[in-house]
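**Student:** Structure for this input, please:
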Amino acid sequence: MSRFMKALWLISTLVGLTLAGCSGAPAAPTVKLTPTPAPGGIIPVDPPVALTDFSLANSQNGTTTLKNWSGKFTLVTFGYTHCPDVCPINLALFRQLHIKLDAESDQINFYFVSVDGERDTPAVLAKHLPLFDEAIIGLTGTDDAVQVLTKQFGVTYKLEKTTPDQTDYAVTHTASSFLVDRQGRIRRVYAYGYDPELVSKDIQALIQQG
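**Tutor:** Numbering: from 1, shown residues only. Just a heads-up that it's a prediction; the model follows:
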């Protein structure tokens, strides 16, 4: 097994990890982590996993590729706008991180990748995400386009439909967030419900390392 495949297997094991069933009824998300993350929900990815290119429509009427992440640290989480519990919490945590990392805000991207391209158009994301933080950029696309990215992060998701034409449905998806470095490598997995104070310090330390 190559070094890359070993690292990717590690991420999949850690992330396979945190699946959240977003449903219409209020419920505490189920989170399972193996192994137990470091304090604050911080899981280092060592060696880092280099991402390959992707192309998704963004909430700013454009297209985002891996090149757009180059030169900055990028926080990424996956979800959908109809999610009643897990995703709003992850987006609220991004807001807290943005506030805590204000001095470094020009060095960090915040991205929310939709796993529900059928309903989450760029326009829907553009209306929804600013409710949490203006800095969060949404990405969306076809299943094939989204899976180019999700597979690299070890993220899984499933549209819980009973019929193909169903429009009111939940999506079960990985609830973790991730940190990508300036070189486009996955450096951290942040377990769902992480401590924003500790995570912000972790990110600051990585920024200072260069």
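**Student:** Tell me which residue is most central in this structure.
**Tutor:** Thr77 (1.4 Å; Cα atoms, centre = their mean).
**Student:** show me the contacts for it.
**Tutor:** Residues counted as contacts of Thr77 (Cβ atoms under 8 Å, 6 or more residues apart in numbering) are 87, 90-91, 94, 111-113, 176-178. Any C-beta I mention is one placed from the backbone N, CA and C, and that applies to glycine too.
**Student:** Please apply the same query to Leu198.
**Tutor:** Counted by Cβ under 8 Å, 6+ apart, Leu198 has contacts 39-42.
**Student:** do the same with Trp69
**Tutor:** Trp69 makes contact with 51, 109, 180, 184, according to Cβ under 8 Å, 6+ apart.
**Student:** Can you pick out the most distant pair from these?
**Tutor:** Leu51 and Asn109 (13.2 Å; Cβ to Cβ).
**Student:** can you pull up the bridge partners for the residue nearest to Thr156 when sequence neighbours are not counted?
**Tutor:** Distance criterion Cβ to Cβ, 6 or more residues apart in numbering; nearest residue to Thr156, sequence neighbours excluded, is Thr174 at 5.7 Å. Thr174 forms beta bridges with Leu19, as assigned by DSSP bridges.
**Student:** Could you verify my assumption that Thr174 touches Val155?
**Tutor:** Yes. Using Cβ atoms under 8 Å, Thr174 is in contact with Val155, at 4.3 Å.
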